[in-house]
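K.L.:
show me how the following folds:
(one chain, ligands or ions: 1)
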Amino acid sequence: MKFVKFRNSLPVIALTAVLVMPMATIHAQRPSRPAPQHHAWDDKSMSPDQRADLVIKEMTLDEKIQLVHGTGWGALREGDPIPPRSNLGASYVLGIDRLGIPDINMADSAVGVRLAANQSRYATLLPSTLGAASSWDPHGAQLYGSVIGRELRAQGYNMSIGGGVDITREPRNGRNFEYAGEDPVLAGTMTGNLMKGLLAQQVMSDIKHYAFNDQETGRDILNANIAHKAARESDLLAFEISIGIAEPSGVMCAYNRVNGDYACENDWLLNQVLKKDFGFKGWVLSDWGGTHSTVKAALAGLDQEMPEDIYFGPALKDAVEKGQVPLSRVEEMDHRILRSMFAAGVIDNPPMPRSVVDPFKGLEDGQHIAEESIVLLKNSGNLLPLKTPGSIAIIGSHADKGVLSGGGSAQVDPPGGNVADPHPGGARWGETVYFPSSPMKYIQKHAPNAKVVFNPGTENASAAALAKSSAVAIVFVNQPMYESHDARTLSLPDNQDALVSAVAAANPHTIVVLETGGPVTMPWADQVAGILEAWFPGIGGGQAIANLLFGDVNPSAKLPVTFAKSDSQLAFPEVPGIDLKPVQIQVPTVMRGQRIMHNEMRLPPFDVDYNIQGAKVGYKWFESKQIQPLFWFGFGLSYTSYEYSGLKVGDNGQEVGFEVKNTGNSAGTEIAEVYAALPAAAGESYKRLVAFDRVELAPGESKTVTLKIDPKYVSVFNEQQNGWQLLPGDYKVLVGPSSTETPLTGGFHVQ
Ligand code: BGC
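P.N.:
Residues are numbered from 1 along each chain as shown. Below you'll find the predicted structure:
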């Protein structure tokens, strides 16, 4: 059986062939929607909730059920039927023609719109969201969302599935590149703004994977155990912040279990926390194949089964008729879906499919985001920015041709195909895909008179020989990452550490450019002169890397994750479950239109004890354990220097003010970070990020920065009272350029 992708499958099954649809046939068959009629809910002066209720009054039970499930794997699985009006994305929900309710066409679009190539469409690959989080720029995040929203709309989709905000509990997680880092305030703010940008394009949005889908190993079976207090102060806070900023249409519940129950049938996660405490108004859709029951899931708060109708199709109708699930609960599911459709504008202003995407605008925006995302980690002797060297060796990672992208359901198809391994059709599941944005080409453009030579980096001796004969050596190293797979270690794969050491030994002017999904170790960090973390930089990556290397852009980004020195420094020195042996299990599915039990290889059930870390994720772990990592959260260099002074903390601690001055010779943007340490009664041996800002400064310029601190960010979650509590006592406020350099210290007192 060949799948483009099959959820929950181990890579051995998932690494399979691509589906090439006979598109012309499909489009030709696609029936058009009936002509619009007038309905009571057309009145736009009514609220989305009022309008949704009016629709529900007219719906039959079958229509009510029709809206709460997908129509199958469709374009994701070879041989599965494609509903006639499906836009060929990850899912399709049949609308209700007679009531003028449009279909829901969803596209995976974590870092750009997926599955475009087979339909001869273009989609912009943006930098990884982890990269974009390094910009600490909420406006940049909105721009990011607007690129995706614009292209989804142009391609005929009315819903994005992306918005990953699981925090980096597991730095080797294969999907960290789709998330926004280890800190809930940064990740929540960035993802919320991304969703806001997307919704502004009148496309529905979702955030995912709710919750604790913090590793891919055993994601469909593992049980994440965590106390409610720690959960609310860490991963769930990131979701809470995003939801508060954007009011997303959907929240995708995760595959894994949390404290015993699957996330998609977890009353605490869905009913109590998400819907009641966060006040989430949209709908909960399951991850693909992540629904496990009808009655339990429906009563626990799941609103839509994806992508099939095993549990929320005829079985749900039956459960309603038998009184096991109240009709009002199904109507609530419908209400949440319909009100989100009205709120986003996809009923009043449906997307017009197959208009042309503007690739140039996408490139410009993608490059801008990349330039804000690339972190300068080391710059000995101010080797950077490069000053027109006579010869430059470019080594490794196909840097002559392109930049690396992330795999899985976030994979975007490269225009013209994978430059490292060209083949017809879109990207294959599990393939390592390089996009056509050659760093070497743009480096040569910046240094037209330099001799720029490429070496693939496959033989250390020849790479070192080239480096030796060049004025500067730039080694590109990579860490390909994919959904459904974690890295076994933080070490770069394929002996790239040895390559860097060999090149560095041959040339003291060695600069390393990292293209990684997440943090990696760098045993050679002391041997090289410069280090740039470029993440997966997107279609404008080549240009952005060159612009930073040559100083056309002054680096401003700062790490959204801590880089450990070794795996042994992590809360889990090994990825939990990584050595378990897969077993065969049977999973219900609808394949080629038939309901069947399907055999899959999956890991046996296992527990992951997140109470080991609690809320101490990332820098909080390192601080409380007093471990020195390689690079701290919030760290990043610039080609200029900054000075902080004059901290003023408002009496109630809700506002801080301070000065930042550019003390160097080039214009730059400094990300100023504000941390707080809670009173001793909180029992926290770490500080928390509570506010941040990007401050643009000309040389010599000084600015006063005034920032609000949300009281929640300095509160503890009180389980007994089920609420946030500001403890009485003395709070410390620490301000500076990173989590480990906070030159300004102040405080406030809470009675
Ligand atoms: C992933 C989701 C994705 C869905 C549809 C799942 O395997 O976990 O993130 O949106 O598939 O492709």
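
K.L.:
helix/strand/coil for G417?
P.N.:
For G417, the secondary structure call by DSSP: H, G, I helix; E, B strand; the rest coil comes out as coil.

K.L.:
that one and the ligand, how far apart?
P.N.:
Using Cβ to the nearest ligand atom, to the nearest Å, G417 is found at 21 Å from the ligand. For glycine as for every other residue, the C-beta is placed from the backbone atoms N, C-alpha and C.

K.L.:
cool, and P138?
P.N.:
23 Å.

K.L.:
just E655 next, same as before
P.N.:
E655 is 38 Å from the ligand, by Cβ to the nearest ligand atom.

K.L.:
doesn't A681 fall inside a helix?
P.N.:
Yes - applying three-state DSSP, one finds A681 inside a helix.

K.L.:
doesn't V608 belong to a strand?
P.N.:
Yes - under three-state DSSP, V608 sits within a strand.

K.L.:
count the residues that sit near the closest residue to it other than its chain neighbours.
P.N.:
Take V608 and drop its neighbours on the chain: the residue closest to it by Cβ to Cβ, 6 or more residues apart in numbering is P576, 4.5 Å away. P576 has 21 neighbours, counted by other Cβ atoms under 10 Å.

K.L.:
so P576 makes contact with Q613?
P.N.:
No - judged on Cβ atoms under 8 Å, P576 makes no contact with Q613 at a distance of 11.7 Å.

K.L.:
domains of the chain?
P.N.:
368-561, 637-750 (automatic domain parsing).

K.L.:
just name the most buried of the ones you listed.
P.N.:
domain 368-561 (a mean of 22; mean count of other Cβ atoms under 10 Å).

K.L.:
on that earlier part again, could you dump the domains of the chain to TSV with mean pLDDT?
P.N.:
Converted to TSV, the domains of the chain look like this (pLDDT from 0 to 100):
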stretch	mean pLDDT
domain 368-561	97
domain 637-750	97
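
K.L.:
residue in the stretch 651-751 of the chain nearest to the ligand?
P.N.:
Across the stretch 651-751 of the chain, the shortest distance to the ligand (Cβ to the nearest ligand atom) belongs to L689, at 26.3 Å.

K.L.:
phi, psi for that residue please.
P.N.:
Backbone torsions of L689, given as degrees, to the nearest 10, read phi -70, psi 130.

K.L.:
which residues are in contact with the closest residue to the ligand within the stretch 451-600 of the chain?
P.N.:
The ligand sits closest to E483 of the stretch 451-600 of the chain, with a gap of 6.1 Å, by Cβ to the nearest ligand atom. Residues in contact with E483 (Cβ atoms under 8 Å, 6 or more residues apart in numbering) are G174, R175, E178, E216, G407, G408, S409, A410.

K.L.:
of all those residues, which comes closest to D53?
P.N.:
S409 (33.9 Å; Cβ to Cβ).

K.L.:
how about the contacts made by that closest one?
P.N.:
K5, A90, D108, A110, R114, E483.

K.L.:
am I right that it sits in a strand?
P.N.:
No - secondary structure assignment (three-state DSSP) places S409 in coil, not in a strand.

K.L.:
gap between it and the ligand?
P.N.:
Taking Cβ to the nearest ligand atom, one finds S409 at 4 Å from the ligand.

K.L.:
please report the distance of that residue from P415.
P.N.:
The gap separating S409 from P415 is 19 Å, by Cβ to Cβ, to the nearest Å.

K.L.:
please enumerate the strands of the stretch 501-650 of the chain.
P.N.:
Taking DSSP state E, counting those that start in this stretch to define them, one finds strands in the stretch 501-650 of the chain at 510-516, 530-533, 583-591, 594-602, 607-609, 642-649.

K.L.:
name the helices or strands packed onto the third one?
P.N.:
By that I understand strand 583-591. In terms of contacts (3 or more Cβ pairs under 8 Å, 6 or more residues apart in numbering; DSSP states H and E), strand 583-591 is packed against strand 594-602.

K.L.:
likewise the fourth one?
P.N.:
Using 3+ Cβ pairs under 8 Å, 6+ apart as the contact criterion, the secondary-structure elements in contact with strand 594-602 are helix 11-14, strand 583-591.

K.L.:
pull the distance from the longest one to the chain's centre.
P.N.:
It stands for strand 583-591. 28 Å (Cα atoms, centre = their mean, to the nearest Å).

K.L.:
for stretch 341-353, measure first residue to last.
P.N.:
17 Å (Cα to Cα, to the nearest Å).

K.L.:
picking up where we left off before, weakest of the helices and strands packed on strand 594-602 in terms of mean pLDDT?
P.N.:
When these are compared by mean pLDDT, helix 11-14 comes last with a mean of 29.

K.L.:
near the ligand, which residues of the stretch 151-300 of the chain show up?
P.N.:
I161, K208, D287, W288 (Cβ under 6 Å from any ligand atom).

K.L.:
dump the residue contacts of the residue nearest to V608.
P.N.:
Q215, T217, G218, L222, F606, V608.

K.L.:
what's the distance between it and N225?
P.N.:
11 Å.

K.L.:
which residues are common contacts for these two?
P.N.:
Shared contacts of P576 and N225, counting by Cβ under 8 Å, 6+ apart, come down to V608.

K.L.:
near the ligand, which residues of the stretch 351-500 of the chain? Just list them.
P.N.:
S409.

K.L.:
where do the strands sit along the stretch 351-500 of the chain?
P.N.:
375-379, 391-395, 403-404, 434-435, 451-455, 472-479.

K.L.:
partner strands of the longest one, with direction?
P.N.:
So the one you mean is strand 472-479. strand 391-395 (parallel), strand 510-516 (parallel) (DSSP bridges).

K.L.:
out of those, the one nearest V419 is which?
P.N.:
strand 510-516 (13.4 Å).

K.L.:
send the alpha carbons of the closest one over as PDB?
P.N.:
Once non-C-alpha atoms are left out, strand 510-516 reads as follows in PDB (Å, rounded to 0.1, in the frame of the first residue of the first chain):
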ATOM      1  CA  THR A 510      35.700  29.400   9.400                       C
ATOM      2  CA  ILE A 511      32.000  30.400   9.700                       C
ATOM      3  CA  VAL A 512      29.300  27.700  10.300                       C
ATOM      4  CA  VAL A 513      25.800  28.300   9.000                       C
ATOM      5  CA  LEU A 514      23.300  25.900  10.600                       C
ATOM      6  CA  GLU A 515      20.100  24.800   8.900                       C
ATOM      7  CA  THR A 516      18.500  22.900  11.700                       C
END
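
K.L.:
can you give me the helices for the stretch 251-400 of the chain?
P.N.:
Taking DSSP state H, counting those that start in this stretch as the criterion, the stretch 251-400 of the chain carries its helices at 267, 295-300, 314-321, 327-344, 359-373.

K.L.:
pLDDT averaged over stretch 307-316 - what is it?
P.N.:
Over the span of stretch 307-316, the pLDDT mean works out to 97.

K.L.:
list the buried residues in that stretch.
P.N.:
For stretch 307-316, burial by neighbour count (16 or more other Cβ atoms under 10 Å) applies to P307, E308, D309, I310, Y311, F312, G313, A315, L316.

K.L.:
figure out how far that stretch is from the centre of its chain.
P.N.:
29 Å.

K.L.:
hey, C-alpha coordinates of that stretch in PDB?
P.N.:
Extracted in PDB, the C-alpha atoms of stretch 307-316 (Å, rounded to 0.1, in the frame of the first residue of the first chain):
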ATOM      1  CA  PRO A 307     -10.500  13.100   8.600                       C
ATOM      2  CA  GLU A 308     -13.000  10.300   8.700                       C
ATOM      3  CA  ASP A 309     -16.400   9.500  10.100                       C
ATOM      4  CA  ILE A 310     -15.700   6.300  12.100                       C
ATOM      5  CA  TYR A 311     -16.900   7.700  15.400                       C
ATOM      6  CA  PHE A 312     -18.700  11.000  14.500                       C
ATOM      7  CA  GLY A 313     -20.600   9.800  11.500                       C
ATOM      8  CA  PRO A 314     -23.400   7.100  11.700                       C
ATOM      9  CA  ALA A 315     -22.100   6.100  15.200                       C
ATOM     10  CA  LEU A 316     -22.700   9.600  16.500                       C
END
